[in-house]
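J.: Provided below for reference: sequence and predicted model.
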Amino acid sequence: MANTTDTLPEPARGRAGRRTALIASAVLIVTAVAVVGALGLGGGGEEGPSAPSRAGSVVPVTRATLTERTQVDGQLGYGTEIPLPVKAAGTVTWLPEPGSSAKRGDTLLRVDDRPVVLLYGRLPMYRDLGLTATTATESREDGESAAPTELTGMDVLQFETNLAALGYTGFTVDETFTASTAQAVERWQRSLGLPETGTVGIGDVLYSAGAVRIGQPGVRLGDAAGENTLTYTGTTRKVVVDASAGDASWAVRGTAVRVQLPDGKTVKGEVASVGKQATAPEGGAEGDTATVPVTVTIKDQKSVGRLESGPVTVEYVGREVKDALAVPVAALVALAEGGHGLETAEGRFVAVRTGLFADGEVEVSGSAVREGMKVRIPE
């Protein structure tokens with residue numbers, strides 16, 4: 001009788017831009033058809049008669065959690081560059097180096113040789129901040145000038161919070177811009193080499209949620225300042241994956257993933273956001289599908305080393321089976337009548353049904369399979 005060999009089915013290939021790979025691919029199953037066929041073994045759940053003792057290691061059937069991991073391509077970087085909302089009017093006289101970082105109180109650029117300073121906050125600068133002078137109709141009846149009006153609002157609170165964080169004191173951090181606030185502003189302006197007016201112009205500061213990394217400038221020195229003068233990103237490295245829109249169920253905020261760097265090192269990551277708009281592939285090649293951007297954050301930035309950008313591989317859990325009976329893939333043998341089986345330590349063959357393949361092991365089941373049973377891995 002001629003020997004035949006069954007092989008495990010290969011994992012389904014992923015769509016364009018995505019490669020699916022089980023971390024431990026199915027190993028070539030050792031063929032036992034000659035022995036099984038000669039003895040008329042296999043089939044059903046019953047053990048067959050003993051075969052002559054053969055060489056090979058013996059391992060127990062164990063209970064384990066089998067996890068299938070899938071890999072997709074990603075790009076490491078700092079994210080998409082966003083234009084800074086520069087409101088200063090005039091000529092750009094200084095720009096920072098691309099790739100440099102700026103924190104609270106740092107100068108982002110200079111317009112007409114005046115610094116535009118970075119402060120932290122989510123509310124944009126939309127008006128000048130200072131004491132508001134009264135008009136002639138608001139003057140006192142005795143001819144004396146009335147006291148300036150104190151400006152109020154959440155933007156005042158945001159600015160005063162930053163001023164205090166920079167070390168300037170003597171005022172109460174609240175929603176009211178008082179004379180004490182103006183005096184602190186004058187001290188701050190003195191440190192910047194600016195005229196001590198006590199008023200903060202709409203173009204004097206820019207707000208961001210935190211420290212920024214400078215991107216590519218949109219202008220050259222000598223050009224007029226505008227909204228596209230300078231771009232920025234956050235200062236933490238992250239990974240963006242263009243996941244297939246039809247197969248992105250794994251991408252849920254908070255999902256733990258593993259990121260394999262170009263040098264082979266693996267670091268921990270977490271899904272931070274998933275785009276809501278799918279993008280069609282460029283060129284429209286047959287078989288390509290629409291994708292959605294998935295952003296993965298890396299909490300331990302030191303684990304990435306000095307690498308700032310480059311292609312990476314993101315690995316996520318596809319399927320998982322808990323408390324499964326499992327054996328090494330190499331323990332599977334092909335039965336003459338079809339299907340797979342296991343050879344016991346005594347040389348008997350039992351038929352099994354296979355389930356999930358992962359991490360070099362395979363899920364097995366059958367009436368004759370039990371935990372702790374010794375099976376042979378043929379040489």
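T.: Looks like it arrived, so ask away. Residues are numbered from 1 along each chain as shown.
J.: which of the three states applies to Thr161?
T.: Per DSSP: H, G, I helix; E, B strand; the rest coil, the local secondary structure of Thr161 is helix.
J.: can you give me the distance of it to Gly198?
T.: 18 Å (CB to CB, to the nearest Å). Glycine gets a C-beta too; all of them are placed from N, C-alpha and C.
J.: so those two - more neighbours on which side?
T.: Gly198 (19 against 15; other CB atoms under 10 Å).
J.: chain neighbours aside, what residue packs nearest to that one?
T.: Ala182 (3.5 Å; CB to CB, 6 or more residues apart in numbering).
J.: run through the neighbouring helices and strands of the helix or strand encompassing that neighbour.
T.: Per DSSP states H and E, Ala182 falls inside helix 179-192. When contacts are defined as 3 or more CB pairs under 8 Å, 6 or more residues apart in numbering; DSSP states H and E, helix 179-192 sits against helix 154-165.
J.: check what contacts the helix it packs on and list those residues.
T.: 104, 119-121, 123, 125-127, 129, 171, 173-177, 181, 184-185, 188, 200, 205, 207 (CB atoms under 8 Å, 6 or more residues apart in numbering).
J.: so who does Asp106 touch?
T.: Val117, Leu118.
J.: quick one: it from Asp128, how far?
T.: Asp106 is 22 Å from Asp128, by CB to CB.
J.: swap in Ala280?
T.: Counting by CB to CB, the gap from Ala280 to Asp128 is 46 Å.
J.: what does Ser309 give?
T.: From Ser309 over to Asp128 (counting by CB to CB), the distance is 40 Å.
J.: can you give me the domain assignment for this protein?
T.: Per automatic domain parsing, the domain ranges recorded for the chain read 30-68+319-378, 71-77+237-318, 82-233.
J.: please work out the average pLDDT along the second one.
T.: Model confidence over domain 71-77+237-318, given as mean pLDDT, is 90.
J.: and the residue nearest the centre of the protein?
T.: Val296 (0.7 Å; CA atoms, centre = their mean).
J.: for that one, helix, strand, or coil?
T.: Once three-state DSSP is applied, Val296 turns out strand.
J.: is it true that it touches Val271?
T.: Yes - between Val296 and Val271 a contact is recorded at 5.8 Å, counting by CB atoms under 8 Å.
J.: which neighbours do the two share?
T.: Contacts common to Val296 and Val271, judged by CB under 8 Å, 6+ apart, are Val257.
J.: tell me how far Ala324 lies from Phe349.
T.: Distance from Ala324 to Phe349, by CB to CB: 21 Å.
J.: again, but for Gly305
T.: 51 Å.
J.: again, but for Val252
T.: Taking CB to CB, one finds Val252 at 44 Å from Phe349.
J.: so between these two, which is more surrounded?
T.: Between Val252 and Phe349, counted using other CB under 10 Å, Phe349 has the larger neighbour count: 27 against 11.
J.: tell me the pLDDT of that one.
T.: Phe349 is given a pLDDT of 92.
J.: quick check: beta-bridge partners of it?
T.: Glu343 (DSSP bridges).
J.: that one reaches Ala334, doesn't it?
T.: No - at 10.5 Å, Phe349 does not count as touching Ala334 under the criterion of CB under 8 Å.
J.: quick check: Glu246 is in a strand.
T.: To be clear, residue 246 is Gly; Glu isn't right here. No - assigned with three-state DSSP, Gly246 falls outside any strand and is helix.
J.: tally of neighbours for it?
T.: Considering only other CB under 10 Å, Gly246 is surrounded by 12 other residues.
J.: show the contacting residues for it.
T.: Thr289, Ala290.
J.: near Leu119, how many other residues are there?
T.: Counted with other CB under 10 Å, Leu119 comes out at 21.
J.: quick check: phi and psi on it?
T.: In terms of degrees, to the nearest 10, the main-chain angles of Leu119 are phi -130, psi 160.
J.: pretty sure it is touching Ala102, no?
T.: No - the pair Leu119 and Ala102 fails to qualify as a contact (CB under 8 Å) at a distance of 10.7 Å.
J.: so the residue nearest to the centre of the chain bridges to which residues?
T.: Val239, Val271.
J.: next: Thr107.
T.: Val117.
J.: what about it, neighbour count?
T.: 14.
J.: ok, Asp112 next?
T.: 12.
J.: nearest residue to it other than its sequence neighbours?
T.: Closest to Asp112 by CB to CB, 6+ apart is Gly90, at 3.7 Å.
J.: mind checking pLDDT for that neighbour?
T.: pLDDT, Gly90: 97.
J.: now do the helices in the stretch 1-150 of the chain.
T.: 33-39 (DSSP state H, counting those that start in this stretch).
J.: any regions of it where pLDDT drops low?
T.: Applying pLDDT under 70 to the stretch 1-150 of the chain flags the ranges 1-56, 133-146.
J.: please repeat the previous calculation with a cut-off of 90.
T.: 1-57, 67-70, 79-80, 132-149 (pLDDT under 90).
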